[in-house]
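> Prediction below, plus the sequence it came from.
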Amino acid sequence: MSAELAILGGAPCFDEPLHIGRPNVPDERRTMALIQQAIDRRWLTAFGPLVKQFERDIAAAAGVKHCVAMCNASVALQVLIRAAGLRGEVILPSFTFIATAHTLLWEGVTPVFCDIDEKTGNLDPAHARRLITDRTTAIMGVHLWGHPAPTEELDALADEHGLRLFYDSAHAIGSSRHGRPVGSFGHAEVFSFHATKFINSFEGGAVVTDDDGLAERVRSMHNYGRGEGSVVSSIGTNAKMTEVAAAMGIVSLENMAHLIDVNRGHHTRYAEGLAGVPGVVLRAPLPGNRINHQYVVVEIDEPVAGVGRDALAAALTADNVLVRTHFDPGCHRTAPYAQAPQRHAPLPLPHTEALGSRVVMLPTGSEVTSAQVDQVCALIRRIVDRGEAVAAAAARN
Ligand SMILES: *Cc1c(COP(=O)(O)O)cnc(C)c1O
């Protein structure tokens, strides 16, 4: 079916590829000016003024006391896992980027995958509860696609069982739940500022927390285990952010409110453009949640649309709309976790499998124009119309 649809398309709808995750580049002149200042100062890394400012700005955006900026989110997760002394098993959703799981295993902790609520894509606290054993030390939530996780229920579950609670918030800076910003939930959260994320610093990440002791351990461990006066007090690594990265991060963060507006505008336009297309449903935030709209996610109901997610994605790609799917397969289906299912996925994860086969991300962000959003909507409408025709013809034969 997918090949047939692509051939029916003729010349691609877009001459230039329209990418998902094309970096949002903020005010270039201001970014370059800050970078020039760092070069003039000859202070390129190690807690320079730009990293310090970026940390203050991120802490303010997250509504917390402490932010430790690092070279990327994966290393920030590793430093946090070690600084928090996590051992044994940690429960996390399988429906996430592989780094959420790998960083735990890398630090000698066993990731145990739980299922999601298909309505939100976030981990299901009731399922997480069934995975708690006497080896469980923490829950690592993920605010999937910027949608805040069910934080109240996870707080209650963690309290009840004496577990620590952390969030991989790589998708979610700028999102909030009942007015409370992502970054302020659980014992600590981790942001990513990778080039393709909402706020970018080329590469970057940060641990944010209100816990003074944890912040101090994280800060020390990301700097070779050094504390006051550079005295080494523990094992550590080098996870520092550079001044160049911080310059980009500062300007990117200054632009965040504007970017949320742009993305919300695109989201609304997609909602209008796709209204009434059978079997194509745009995912929206739950009441009480505000999201950064970093991702525009549509769910394809194959029997209704007459075309499956994979066929739709192939047809869009043939028309130069380079869409992406998430997270298919889920982490539990990939190495090395798939080789030890009883250890990492002791219970079936039907909702993870189901959602992973139905969703596709559409282009958004400051590099995408409203006219392009309209074109993508029109294209999806045509593909679904055609898909229905193909399905009807197949039914007649
Ligand atoms: C991008 C991402 C990461 C890793 O971030 P890096 O900064 O690239 O290391 C971790 N978790 C999730 C959910 C992500 O999307």
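All right, it came through fine.

> Run through the residues that contact M140.
By C-beta atoms under 8 Å, 6 or more residues apart in numbering, the contact set of M140 is V90, I91, L92, T100, L104, F166, Y167, D168. Any C-beta I mention is one placed from the backbone N, CA and C, and that applies to glycine too.

> 10 Å - rerun?
77, 80-81, 86, 90-93, 96, 100-101, 103-104, 109, 111, 123, 164-168, 186, 190 (C-beta atoms under 10 Å, 6 or more residues apart in numbering).

> State whether it is indeed within a strand.
Yes - under DSSP: H, G, I helix; E, B strand; the rest coil, M140 sits within a strand.

> what about the residue nearest to it when sequence neighbours are not counted, how many neighbours?
If the residues on either side of it in the chain are set aside, M140 comes closest to L92, at 4.1 Å by C-beta to C-beta, 6 or more residues apart in numbering. Here the number of neighbours of L92 (other C-beta atoms under 10 Å) works out to 25.

> give me the subset of the contacts of M140 touching the ligand.
T96, T100, D168 (C-beta under 6 Å from any ligand atom).

> so the last one touches L77, yeah?
To tie it back to what came earlier, the one meant is D168. Yes - at 6.6 Å, D168 counts as touching L77 under the criterion of C-beta atoms under 10 Å.

> so what sits against both of these two?
Both D168 and L77 are contacted by A99, T100, T103, M140, V190, S192, under the criterion C-beta under 10 Å, 6+ apart.

> Assign a three-state SS to the fifth one, would you?
Secondary structure state of V190, per three-state DSSP, is strand.

> circling back: restricted to strands, list the ones next to the ligand among the contacts of M140.
Counting by DSSP state E, these place D168 in strands.

> Go through the ones next to the ligand among the contacts of M140 and name the one nearest V298.
The closest of the ones next to the ligand among the contacts of M140 to V298 turns out to be T96 (C-beta to C-beta; 19.4 Å).

> do you know how far the closest one is from S233?
Distance of T96 to S233, computed by C-beta to C-beta, to the nearest Å: 33 Å.

> now swap in P23 and tell me
38 Å.

> Kindly report the residues of this structure close to the ligand.
72-74, 96-97, 99-100, 142, 168, 170-171, 192, 194, 205.

> give me that answer again for 8 Å
By C-beta under 8 Å from any ligand atom, the residues of the chain that approach the ligand are 72-77, 96-97, 99-100, 103, 142, 144, 168, 170-171, 190, 192-194, 196-197, 203-205.

> Filter those down to just the buried residues.
Buried members of the residues of the chain next to the ligand, counted by 16 or more other C-beta atoms under 10 Å: 72-77, 96-97, 99-100, 103, 142, 144, 168, 170-171, 190, 192-194, 197, 203-205.
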